[in-house]
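S.K.: below: sequence and its predicted model.
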Amino acid sequence: MLPLVFVLFIGFLHFDCYDCLRFHSYYGDGMVLQRDAPVQVWGYDDLMNDVQAGLSCVGKDGRKSDEHVDVESLEGGLWSMMLPSRPSGNRCVIEVSGGDEVISLSDVLYGDVWICSGQSNMEQNMGNIMNSTEEIEMSAKYEQIRYMVVANTASADLDDDMDITVQVPWSEPSSPNLKSMSAVCFLFARNIQNMMQSEGDEIVPMGMVDSDWGGTLIEAWMSQNALDACGVPHTECNEEHAQNCQTRLWNAMINPLKKNAVTGFLWYQGEANGGNNRDLYNCTFPSMIDSWRQEFSSNSATRENAPFGFVQLASFRPDSLDAGFPVIRWHQTADQGYVPNDIMNNVFMATPLDTYDPKEGYPGGIHPRYKQIVAERLAVAGMNVAYHYSTPYAPFGPIPFTTEFEMDMMEMVITYDVPITYTNTEISGFYACKNTAEDCDAGNSVATWIEIEKESVKVVDDQTLSINLESFRGEPVLSLAYIWRETPVQEYLGLPIYGGEPFNLPSPPWKKTIRIYQ
């Protein structure tokens, strides 16, 4: 009889803990809440107590404030409260009580919250980058960056009240947890603060939410409405690999976060789609962005046009003629070659095609360890688009401003939007194809894009190049592309075209049909 009593006692202990007053697992001590916006905080109370709350804050000027916050009890054992808007740098304690229970969040900092998502290059952590030991040690001083990691979880159910599983709770950079945090996500925040400080401005605290899963398709991160908008064919789910089933990661790892106001989103994904729905990516990616914005802005104080930053696919296999990566990079910009554009407004990007990593295994190869330069470029673009800083901050590197084809001389003259530096140490950078730019990429190989010899490209002035295309005279159709390979160069920072100081942003890949004879 004694063993039975013991088992029952343990069972009651488990029951009390499970049903107690608690926050949604997103919330934790040391977290960051979105500044300058009303913020919802919510949780569970299966016993349906009369829940009350208070907010105690200290501003940057040292002034203290205490206020009562109304709490709404909802069906299904939920409670929710709306905290008033607070400026950057406020530090607060949130206390919630119900019945005999009291729970709290301490050392809550107000700043900018970014959600970072995608597949393995976003997931790649601070422990797996170049000079990781030094980078982690140097990061400890960035006390106003906080971060957390959502555990890999897939769900067939769409439930706005779903809890999440946390892999790394809200932490400071001095914590050993930093080794497990997304490098691109964290280093973006570090660079933003450095750049703000270099401009003589006060830094904004940053809260970075890492919710990603390696090897996953974009379709898993999309809502059903976003999939339907692009006519994505329905596929049956292989439950052994549920992380790649349509909507499963949206359901479990993004949708449960949408009640929380955020500044914006960062994304690094596309490798998995090089051979899966590749030619739908120019719709699925913009559709996903629109969907995330709509869902978050409808359920929180997130702006309807919240900034969205992404990283183009990095280099992988030298000498590969596979078309997957070049085409996905193009589709990442909605086939424009740059962002923001009319289809993808308030979007910014980083171009990492000069970060080839020859190291075998992980990290290395398809997971380059050079994440510092990637995050710096993403932050430069974010400073321009998300934080509205002007030159030298820019949303992309040099792009062609005008292209003029002189038929008699078979010469293409390209004038860039900003001054450039051009070097042809490894390649000329340019490719020609005897078809329309679209048809040149209809297959699975970029072999139809013929590399233009180095001596055919001349520097006219600091913004202009001329390309001799005499060898293609008489062709009825001709197209031109720039760095149109999976791995255009192997030298680190060795692309042909860069912008000027201080950031030397690389020119992104582009393609253009330059003449068609009827």
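M.R.: Arrived safely, thanks for sending. Numbers count the residues shown, from 1 in each chain.
S.K.: shaky segments in this protein?
M.R.: Within the chain, the set of residues satisfying pLDDT under 70 comprises 1-19, 47-48, 516-518.
S.K.: in it, which strand is the longest?
M.R.: Taking DSSP state E as the assignment, the strand of the chain that covers the most residues is strand 101-118.
S.K.: ok, and what's touching the helix or strand that that one is followed by?
M.R.: If you walk from strand 101-118 toward the C-terminus, the next helix or strand you reach (DSSP states H and E) is helix 120-123. For helix 120-123, contacts defined as C-beta atoms under 8 Å, 6 or more residues apart in numbering pick out 116, 182, 184-185, 210, 212-215, 266-269, 271, 311, 314, 366-368. Every residue, glycine included, has its C-beta placed from N, CA and C.
S.K.: thinking again about what came up before, list the buried residues for the longest strand of the chain?
M.R.: Using 16 or more other C-beta atoms under 10 Å as the burial criterion, the residues of strand 101-118 that qualify are 103, 105, 108-118.
S.K.: note down every partner strand of that strand and its orientation.
M.R.: strand 32-34 (parallel), strand 91-98 (antiparallel), strand 206-210 (parallel), strand 264-268 (parallel) (DSSP bridges).
S.K.: export these to a markdown table and tack on mean neighbour count and distance to residue 139?
M.R.: Formatted as a markdown table, those follow (neighbours: other C-beta atoms under 10 Å; distance: least, C-beta to C-beta, whole Å):
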| stretch | mean neighbour count | distance to residue 139 |
| --- | --- | --- |
| strand 32-34 | 25 | 16 |
| strand 91-98 | 19 | 21 |
| strand 206-210 | 26 | 12 |
| strand 264-268 | 26 | 17 |
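S.K.: so can I have JSON lines of those showing distance to residue 303?
M.R.: What follows is those, written out as JSON lines (distance: least, C-beta to C-beta, whole Å):
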{"stretch": "strand 32-34", "distance to residue 303": "10"}
{"stretch": "strand 91-98", "distance to residue 303": "22"}
{"stretch": "strand 206-210", "distance to residue 303": "16"}
{"stretch": "strand 264-268", "distance to residue 303": "8"}
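S.K.: what helix or strand is residue 61 on?
M.R.: Here residue 61 sits in a region with no helix or strand, counting by DSSP H and E.
S.K.: wait, residue 501
M.R.: Per DSSP H and E: nothing holds residue 501, as it lies in no helix or strand.
S.K.: residues in contact with it?
M.R.: In this structure, residue 501 makes contact with residue 392, judged by C-beta under 8 Å, 6+ apart.
S.K.: returning to that earlier point: out of the strands paired with strand 101-118, nearest to residue 350?
M.R.: strand 264-268 (8.9 Å; C-beta to C-beta).
S.K.: I would like the residues contacting that closest one, please.
M.R.: With C-beta under 8 Å, 6+ apart as the contact definition, strand 264-268 has outside contacts at 114-119, 121-122, 184-185, 188, 212, 289, 292, 306-311, 378, 386.
S.K.: now swap in stretch 400-420 and tell me
M.R.: With C-beta under 8 Å, 6+ apart as the contact definition, stretch 400-420 has outside contacts at 394, 398-399, 460, 462-470, 472-473, 480, 497-500, 507, 510, 512, 514-515.
S.K.: can you tell me which of those are in helices?
M.R.: Counted as lying in helices by DSSP state H, out of those, is not a single one.
S.K.: ChimeraX command for the buried members of these?
M.R.: Command for ChimeraX, covering only those of these found buried under the criterion 16+ other C-beta under 10 Å:
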select :394,398,399,463,464,465,466,467,468,469,472,480,497,498,499,507,510,512,514,515
